[in-house]
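Asks: just to be clear, the model below is a prediction. Sequence and coordinates:
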Amino acid sequence: MFMFLKKPKFWDETQITFLSILLFPFTIPLIVNNFLSKLFLKPKPKNIFTICVGNIYIGGTGKTPLTIKLYQIIKSINNKVVTAKKFSKNHLDEIKLLEKKSNLLTDGSRMKIIRAAINKKIKTIIFDDGLQDRSINYNLKIVCFDINKWIGNGQLLPSGPLREKISSLKKYDCVFLKNSKDKNKIYYEKIKKINNKIKIFNTKYKIVNLNEFNLKKKYVIFSGIANSKDFLDILQMSKFNIIKSFDFPDHYNYKSSQIRKIIDYAKFKKAEVITTEKDFVKISKIFINKIKCIKIDVFIDESKKLKNFLKKKLNEKI
């Protein structure tokens, strides 16, 4: 129910605001659901290794790019691997991106996806999202964070941006920290204090098609992602001259009239239009030649350590 709303600024305040306190009673259903999930833990699926890449902070933590990266790594050591995404019309952008970059299975039920994978003799399945799905107990549970946002004000939805409290890291296996320039001791200590056995990896996001752009030109950008500022930041760090940014809610479904207005604005300003790869897959074909997209890849610190960790989990020889 939060997908088409822009994230409230008070969610990321360092101190709890009056509005956050006012919304606290509405967090009770989530508190009850999270409590019940501890009581009714399902057995792990047999005949397949299940991985879930998710988050406890809603949106913008980089789980879809990481899912694709893990797919590429595991494919190099285990050919029978697929990605998976529970079907939702609201998430068609991520589904299309996963289809483009991996072998994807999708359905309205995650358990049906697992059964379909088993029937296809798939050895490993990587879910994009679904950590809070009480019907599945995954073999490997991964939580993604954006260091720039961390846990916001630390409160549950809708009082804050969290699906679960940070203490839930006790039940997870691995944490990936997005936008971490180095090993930030503060966050490492906080995470390890909750779960000393959890594995932590740092990730960086870089533009891999920079050679397709003329940095002397002016650019207008638009995006419908959870943290549009991340998109702006990575472009500015790469020396793009951004004169205007049009920001939309996460998973936004654009109208042709909106795209046309952005293109007309850029034309008036003698600029070109750029969007994210996730947004680009949703754009009508009539606009494809008038818009370029930035392709971003995930770079993982200690990638060899990660590969060995995955091999061990998959019972492969190191």
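Replies: Sure thing, it's come through. Numbering: from 1, shown residues only.

Asks: which pLDDT value goes with Lys46?
Replies: With respect to pLDDT, Lys46 scores 91.

Asks: how about it, secondary structure?
Replies: Following DSSP: H, G, I helix; E, B strand; the rest coil, the label given to Lys46 is coil.

Asks: what's the neighbour count on it?
Replies: Using other Cβ atoms under 10 Å, Lys46 has 7 other residues around it. No exception for glycine: its C-beta is placed from N, CA and C like everyone else's.

Asks: need the contact list for it.
Replies: Taking Cβ atoms under 8 Å, 6 or more residues apart in numbering, we find Lys46 in contact with no residue.

Asks: and it, what are its phi and psi?
Replies: The phi and psi values for Lys46, taken as degrees, to the nearest 10, are phi -100, psi 160.

Asks: Leu177 too?
Replies: The phi and psi torsions at Leu177 (degrees, to the nearest 10) take the values phi -100, psi 110.

Asks: hmm, it is touching Ile200, no?
Replies: Yes: contact criterion Cβ atoms under 8 Å: Leu177 and Ile200 qualify, at 6.7 Å.

Asks: which one's more surrounded, the two?
Replies: Neighbour count, other Cβ under 10 Å: between Leu177 and Ile200, Leu177 has more, with 24 against 18.

Asks: what residues are bridge-paired with that one?
Replies: With DSSP bridges as the criterion, Leu177 is bridged to Phe145, Asn202.

Asks: tell me how far it lies from Leu314.
Replies: For Leu177, the distance to Leu314 equals 23 Å [Cβ to Cβ, to the nearest Å].

Asks: same question for Val298.
Replies: From Val298 over to Leu314 the distance is 20 Å, taken as Cβ to Cβ.

Asks: neighbour-wise, which of the two wins?
Replies: Higher neighbour count among Val298 and Leu314: Val298, with 20 against 17, using other Cβ under 10 Å.

Asks: please name every helix or strand in contact with the helix or strand that contains Lys278.
Replies: Using DSSP states H and E, Lys278 sits within helix 277-280. Applying 3 or more Cβ pairs under 8 Å, 6 or more residues apart in numbering; DSSP states H and E, one finds that helix 277-280 contacts helix 92-101, strand 291-294.

Asks: parallel or antiparallel, list what pairs with the helix or strand following the longest one.
Replies: The helix or strand immediately downstream of helix 92-101 is strand 104-107, counting by DSSP H and E. As defined by DSSP bridges, the strand partners of strand 104-107 come to strand 81-86 (parallel).

Asks: and the partner strand, which residues are buried?
Replies: Val81, Val82, Thr83, Ala84, Lys85, Lys86 (16 or more other Cβ atoms under 10 Å).

Asks: now, among these, which is nearest to Leu30?
Replies: Taking Cβ to Cβ as the measure, Lys86 is the one of those closest to Leu30, at 18.8 Å.

Asks: identify the residues contacting that closest one.
Replies: Thr106, Asp107, Gly108, Ser109, Arg110, Ile113, Phe127, Asp129, Gly130, Asp133.

Asks: give me the pLDDT for it.
Replies: Turning to Lys86, the model gives it a pLDDT of 97.

Asks: same thing with Lys193?
Replies: Note for Lys193: predicted pLDDT of 96.

Asks: can you pick the most crowded of the contacts of Lys86?
Replies: For these, counting by other Cβ under 10 Å, the largest number of neighbours falls to Phe127: 27 neighbours.
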